[in-house]
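Asks: starting from these lines, generate the structure:
(one chain, ligands or ions: 1)
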Amino acid sequence: MKILITGAAGFIGFSLSKRILDHKSNIRIYGIDSLNSYYSSKLKKKRLEILKKYKNFKFQKLDFSNKKKLDKFLNKTNIDLVVNLAAQAGVRYSLSNPEEYVYSNQLGFFNILEFCRKKKIRLIYASSSSVYGEYKKFPTKEWQSLNPKNIYSATKLGNEIFAEIYSKFYGLNITGLRFFTVYGEWGRPDMFILKYLDSANKNNKFFYYNKGNYFRDFTYIEDAIKLIEPLIYSKKNNLNKHEIFNVCSNKPIKMSSVYKKLSKLYFHKKLINKEKNNLDVYKTHGSNLKILKKSKNFKFTRFDNALIKTFDWFKNHKDLL
Ligand SMILES: NC(=O)c1ccc[n+]([C@@H]2O[C@H](COP(=O)([O-])OP(=O)(O)OC[C@H]3O[C@@H](n4cnc5c(N)ncnc54)[C@H](O)[C@@H]3O)[C@@H](O)[C@H]2O)c1
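Replies: Reported below is the predicted structural model:
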């Protein structure tokens, strides 16, 4: 089996590629990534260095919003499945750089859809919990109405709508994954946990919004990958089917509590209190009943244990951030 993983140098793309390469000797992975400079390219290069040691991994630096270059590369391969994880991530950055989101998340995604349409290939793609927007009733379920609050989440909802239409009109099997605040080893330095640790280490300012009075459904990377594995290895190719899954732990944690745990591990001298940011929703809390049906006796990692693992990784890799 040959899988194209876009965003292979990114957090989830790297973690998924590594997991597959470690466990499935019959799968060949083609990874692409533009290696954009949204966060440390040192970290992205290190992730790639690890993946390139596997003989079943082939990498191409490529911006997938460039259709010509993407098609030229893909036409040389014989892909059976596309896992689209490349995107311009980040909610705050979308306010000042909307264009990046249109290129990568809309145009790039459209190019992937077109490739899948022409070759009749199954597609799995990353959406985001942010498509739910501000909710009052929890946990949010996949069929509920959506109300994105910012440009990033608007592009993700756009992906879902295009995916739905492509699957219906062109008979494709497409699966969307709404990830909820994924964290852990090799994680993203722009997200709360590593951002806190990195700024404490560099003695930089850390903006602490709304006294930590908001909740996130933190999902440990290893759990996220294990949850989506059955979808990736699925032999079924149900044409005309577009299905969406929340990828979450169903356990929201108050940010002030995460902050307390972090400050016990590493005290931050430059914490700056800030008012609630309008880009942030008060709470994310997804139902994971649908995706759990794909696994047997799934056991989630305890947050405290995963936080320690993340901190240990940080201590050994802080120069990469
Ligand atoms: N990490 C989370 O908590 C989270 C939550 C919700 C959704 N998601 C989604 O999951 C996916 C993976 O997220 P991540 O956390 O690994 O992010 P990431 O930023 O670490 O990885 C994304 C990768 O895509 C690459 N990329 C961006 N634009 C590209 C382009 N035009 N062409 C080729 N490559 C490009 C980047 O260089 C990066 O390496 C993204 O679609 C993201 O929006 C992540």
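
Asks: skip the chain neighbours and tell me the closest residue to Asn204.
Replies: Spatially, and ignoring its direct neighbours in sequence, Asn204 is nearest to Lys270 (6.5 Å; Cβ to Cβ, 6 or more residues apart in numbering). Where you see a C-beta, it was placed from the backbone N, CA and C, and this is true even at glycine.

Asks: ranges for the helices of the stretch 201-321 of the chain?
Replies: 221-233, 255-265, 289-292, 303-317 (DSSP state H, counting those that start in this stretch).

Asks: how far away from the center of its chain is the longest one?
Replies: Average the C-alpha atoms of helix 303-317, do the same for its chain, and the two points are 19 Å apart (Cα atoms, centre = their mean, to the nearest Å).

Asks: what does stretch 144-160 give?
Replies: 15 Å.

Asks: show me which residues of this protein sit near the ligand.
Replies: 7, 9-13, 32-36, 44, 63-65, 85-89, 103-104, 108, 126, 128-129, 179, 181-182, 188 (Cβ under 6 Å from any ligand atom).

Asks: mind redoing it with 5 Å?
Replies: 7, 9-12, 33-34, 36, 63-65, 85-87, 89, 104, 108, 126, 128, 179, 181-182 (Cβ under 5 Å from any ligand atom).

Asks: which of the residues you listed fall within helices?
Replies: Among the residues of the chain next to the ligand, DSSP state H puts 11-12 in helices.

Asks: just the buried ones from the residues of the chain next to the ligand?
Replies: Judged by neighbour count, with 16 or more other Cβ atoms under 10 Å as the criterion, the buried members of the residues of the chain next to the ligand are 7, 9-12, 33-34, 36, 63-65, 85-87, 89, 104, 108, 126, 128, 179, 181-182.

Asks: what is the neighbour count of the residue nearest to Asn204?
Replies: Per other Cβ atoms under 10 Å, the neighbour tally for Lys270 reads 12.

Asks: any idea how far the ligand is from it?
Replies: According to Cβ to the nearest ligand atom, to the nearest Å, Lys270 and the ligand sit 25 Å apart.

Asks: same question, Phe245
Replies: 12 Å.

Asks: what's near enough to touch that residue?
Replies: Phe245 is in contact with 142, 175-178, 228, 231, 290-291, 294, counting by Cβ atoms under 8 Å, 6 or more residues apart in numbering.

Asks: okay then, goodbye and thanks.
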